[in-house]
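# I would like the atomic coordinates for the input below:
(one chain, ligands or ions: 1)
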Amino acid sequence: MGAIGGEELMNWEKMEGVGNGREEKILVLVRLRPLNEKEIARNDVSDWECINDTTVLFRNSLQERSMFPTAYSFDRVFSGDATTRQVYDEGAKGIALSVVSGINSSIFAYGQTSSGKTYTMTGITEYTVADIYAYMQKHEERAFVLKFSAIEIYNEAIRDLLSTDNIPLRVLDDPEKGTIIEKLTEETLRDWGHLKQLLSVCEAQRKVGETSLNETSSRSHQILRLTIESSANEFIGKDKSTKLTASVNFVDLAGSERAAQALSVGQRLKEGCHINRSLLTLSTVIRKLSKGKHGHVNYRDSKLTRILQPCLGGNARTAIICTLSPAREHVEQSKNTLLFASCAKEVTTNAQVNVVMSDKALVKHLQKELARLESELRTPAPPDYSALLKKKDQQIEKLEKEVRDLIKQRDLAESRIQELLQAVRNDQVSTQWDGRQGNACADEYSSESSSIKLPGTTRHQENSNSPSPSNRTLFATRTDEEESNTVCKEVRCVETNESINDQTAISNGESESVSGPTETSRLRNRVNIGSLEQNFQDLQNTINSLVTQPYGDGDDEEQEVQSQISNPTSFKLTKSRSCRANLVTSSSPPEFENTPPNDFEPRFPGRPEGRKQWDIPPQEYGGAASGGLLRSDSQSSLGSTMLEDAKNKTSGEEDIPSVDTFVAGLKKMAKLQFDQVNGSGAEGDGLGKSVKSIGIDSMMDSPPADWPQEFARQQKCIVELWQACNVSLIHRTYFFLLFRGDPMDSIYMEVEIRRLSFLKETFSKGNPAFQDGHTLTSASRFSLSLYPIYILVLVCEVGWAWTS
Ligand SMILES: Nc1ncnc2c1ncn2[C@@H]1O[C@H](COP(=O)(O)OP(=O)(O)OP(=O)(O)O)[C@@H](O)[C@H]1O
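Numbering: from 1, shown residues only. Sure, this is the predicted structure:
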């Protein structure tokens, strides 16, 4: 017995590159035999052709329609005129001779009966053994030991072909050696002649029978095993001896057959059934292995697959030679063989060099390995700079990406800041403009003629982007103590929450909030003639611009509003609370045109006779007791009617019997509506109901489950109130001239509407319950445009009072 030392072993493993196993696909060869004499006599023709070294083509001369492919590619295909020597040299040799390198190998022959399996395997076995002996002769520095064993599996029974006993052998699972066959004869070969003799014995022992397809049909699966042990001569007899040991299997499978074709009966039929069953198991195992080594593989379903398990996806290099009969009558069988071959070429095996070490050699080897590892620990190997560089490069790339993202975010934030700053500048400009009219505003707020009070509530003031009425954009923001410090405030609101005395001054502090008549007179007394004159001049300019851009051009106005709405950047509503500081596009007020009219329209006392009277039966509006709100469609119809009236009329056409009566009726209607909206008048009068009483603030913090519906109702009510106060151009004019509180109320309501829209945007992204229109915006803008006229009248009054 030869041996190799530990160093030699490591060199060997490096050289072979298989120390840790080598995965490779099963080598699949296809051999097409020529037509035999019987087939030629039957004038059979060959439908198969090897068009190159790797492809076999099915020439369907009958033009049959078939689900099978016509071309098959494998590692190597051999035509009918190829010799077994060629098959061996160009195909199986490399696999078979792995055994001399300590790697297990297997050569299979698979195919239908009479396709040439035995013919091929006999030659392959001879050539392999011859080459092994030639190798042994070449490598005299090594000592080889060859052992031979042979079995056949006949009707699922294992027989020892080297034994004359007919006793079936048992298959055992050995924890170290794997699957073994009990009591199997293993002959140590003396020489080549000895092997030839044993092969003859096997041939004689193997079950062979005559069928209609093959006179010498193999009725069993035959496995010849040649085991080679080799070791280096120089280590023989020394303690540190190791040896390579591997086996090569020559597997000549029984041929699949159709009972009808083979005309088998009796014993032959029984043999055929066993053959087909075991071949079916082999096909199943191969098919499963071809899909990857996942799940359970039924090796144990047959003795054939159990014994061949290491060759099928295990520690072995494997070649399968699929033999084909060219005869047309065997076409289907040939196609089945090729399908098996197609699966087999997907199966992966993992061959390893099989080294057997003596105990002393093993200890020596392990000690050496231990010393090497310890030295590596003491002096760690220099770092792998290339790997480190690669890692750093990846980190740099990641950081660069992050930087790019941050730059993008920064740019976005800057643009947002610019927008906000612009808004603040606009706010300041408008505040200055308002400041010049601050006293007048104060008077306005304190006017007793304001029929609809807002006790304990906030009055909002709309600001325009520029003093020019034709270029105003409405902004509205709710402010409170918390919000007043927010940088991004775009519109200022003056709140009179708790104490009127603590009211925030508008703009430069000149303006004062709602107060009683005494405050009004005090403010009037503080009016400076010079500032009044200046205000007068400003207002004159404003009026001039109003005259040059009359409101009557409703289409233009509407278009402008439409463009503002369609362009969110030009029409924004900003919430100044920091946690909700995102700019939100203001949604448009509700659409009323499509609301169907109903019978629930209140009679309007100031309405001219002959026109439709609005009656407001208080009991129909519910109230605190019922707690009910009007259905929104009822209220919508009111707004709709009024709006349509306003649209259908011009100032010239308007028939106004009594402005005072009209205003009184309007106020009454507004009060009733607003009381109805808020449940009752107990907490305040009409429009004086604050947003807080509506519950918007609490809704923002913890919106109720049905808040969208409730919200929509509230929004609609306020919108309709607003419309009630803005019926038509001429009425509006009287409002401004004679009914001082209402213009601000209407503006206030517009602000509220916008704030509600903002809340809606905040809470109901994409909620289809909110369908907004644009009609209020233009009307509101018109209210603003007329506001200077009112200021003018007020100034005149103050001037007159002062001079008198
Ligand atoms: N390539 C070939 N060239 C010439 N003759 C061949 C070739 N292959 C097979 N034959 C002949 O065909 C006949 C059947 O061959 P063989 O017995 O090897 O088939 P088989 O596949 O082993 O059949 P079974 O499965 O029934 O044992 C034999 O007479 C054999 O000599």
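
# Going by C-alpha atoms from here, please, whenever you check contacts or count neighbours.
OK.

# Could you list the low-pLDDT ranges of the stretch 151-300 of the chain?
By pLDDT under 70, the weakly predicted segments of the stretch 151-300 of the chain are 235-241, 258-265, 293.

# For the residue nearest to Ser220 when sequence neighbours are not counted, give its distance to the ligand.
Among residues not flanking Ser220 along the chain, Tyr154 sits closest, at 4.6 Å (C-alpha to C-alpha, 6 or more residues apart in numbering). Distance from Tyr154 to the ligand, counting by C-alpha to the nearest ligand atom, to the nearest Å: 13 Å.

# which residues pair with Tyr154 across the strands?
Here Tyr154 sits in beta bridges with Ala157, going by DSSP bridges.

# count of neighbours near it?
22 (other C-alpha atoms under 10 Å).

# likewise Tyr385?
Tyr385 has 9 nearby residues by other C-alpha under 10 Å.

# Now do the same for it: its pLDDT.
Looking at Tyr385, its pLDDT is 82.

# For Lys392, see how far away it is.
According to C-alpha to C-alpha, to the nearest Å, Tyr385 stands 10 Å off from Lys392.

# cool, Glu182 as well?
Distance from Glu182 to Lys392, counting by C-alpha to C-alpha: 60 Å.

# And Gln352, by the same measure?
Relative to Lys392, and taking C-alpha to C-alpha, Gln352 is found at 38 Å.

# Neighbour count for the two, which is higher?
Gln352 (24 against 12).

# Show the model's pLDDT score for Thr122.
Reported pLDDT for Thr122: 92.

# Give the burial count for it, as a bare number.
The number of residues packed near Thr122 is 15, by other C-alpha under 10 Å.

# Helix or strand: which one has it?
For Thr122, the host element (DSSP states H and E) is helix 117-138.

# Which of the residues in that helix are classified as buried?
117-118, 120-121, 124-129, 131-133, 136 (16 or more other C-alpha atoms under 10 Å).

# would you put the C-alpha positions of that helix in CSV?
The C-alpha trace of helix 117-138 is given here as CSV (Å, rounded to 0.1, in the frame of the first residue of the first chain):
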residue,chain,number,x,y,z
LYS,A,117,-26.2,-0.2,-23.7
THR,A,118,-24.4,-3.5,-23.1
TYR,A,119,-22.5,-3.1,-26.4
THR,A,120,-21.3,0.4,-25.3
MET,A,121,-20.6,-0.4,-21.6
THR,A,122,-18.6,-3.5,-22.4
GLY,A,123,-16.2,-1.4,-24.5
ILE,A,124,-16.1,1.5,-22.0
THR,A,125,-15.2,-0.8,-19.2
GLU,A,126,-12.5,-2.4,-21.1
TYR,A,127,-11.0,0.8,-22.3
THR,A,128,-11.1,2.3,-18.8
VAL,A,129,-9.5,-0.7,-17.2
ALA,A,130,-6.9,-0.6,-19.9
ASP,A,131,-6.2,3.0,-19.3
ILE,A,132,-6.0,2.5,-15.5
TYR,A,133,-3.4,-0.2,-16.0
ALA,A,134,-1.6,2.1,-18.3
TYR,A,135,-1.7,4.8,-15.8
MET,A,136,-0.4,2.5,-13.1
GLN,A,137,2.5,1.5,-15.2
LYS,A,138,3.3,5.1,-15.9
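
# Other residues contacting it?
By C-alpha atoms under 8 Å, 6 or more residues apart in numbering, the residues outside helix 117-138 that reach it are 84-85, 87-88, 92-93, 96-97, 100, 108-111, 142-144, 192, 218, 250-253, 255, 322-323.

# Pull the number of nearby residues for Gln103.
Careful, residue 103 is Ile and not Gln. Burial of Ile103, expressed as a neighbour count using other C-alpha under 10 Å, amounts to 26.

# surely it meets Ala316?
Yes - with contact defined as C-alpha atoms under 8 Å, Ile103 reaches Ala316; the gap is 6.5 Å.

# and for the two, which residues touch both?
With C-alpha under 8 Å, 6+ apart as the test, Ile103 and Ala316 both reach 351-352.

# about what we covered before: is the ligand contacted by the helix holding Thr122?
Yes - counting by C-alpha under 6 Å from any ligand atom, contacts between helix 117-138 and the ligand involve 117-119.

# Contacts only, for the residue nearest to Ser220.
Contact analysis of Tyr154 by C-alpha under 8 Å, 6+ apart lists 207, 219-221, 271, 274.

# All the strands of the stretch 251-400 of the chain, in order from the start?
Ranges of strands in the stretch 251-400 of the chain, per DSSP state E, counting those that start in this stretch, are 317-324, 348-351, 355-357.

# Of those strands, which stretch is the most buried?
Ranked by mean neighbour count, the strands of the stretch 251-400 of the chain are led by strand 317-324 with a mean of 28 (mean count of other C-alpha atoms under 10 Å).

# can you list the residues that contact that strand?
Here strand 317-324 makes contact (C-alpha under 8 Å, 6+ apart) with 24, 26-33, 92, 95, 98, 103-112, 115-117, 311-312, 334, 337-338, 341, 344, 349-351.

# Who does it pair with, and is each partner parallel or antiparallel?
strand 27-32 (parallel), strand 105-111 (parallel).

# got JSON lines for the ones you listed, with mean neighbour count and distance to Pro380 too?
Shown next, in JSON lines, are those (neighbours: other C-alpha atoms under 10 Å; distance: least, C-alpha to C-alpha, whole Å):
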{"stretch": "strand 27-32", "mean neighbour count": "26", "distance to Pro380": "43"}
{"stretch": "strand 105-111", "mean neighbour count": "27", "distance to Pro380": "40"}
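
# Save those as a markdown table, and put in mean pLDDT too.
Formatted as a markdown table, the strands paired with strand 317-324 follow (pLDDT from 0 to 100):
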| stretch | mean pLDDT |
| --- | --- |
| strand 27-32 | 94 |
| strand 105-111 | 93 |
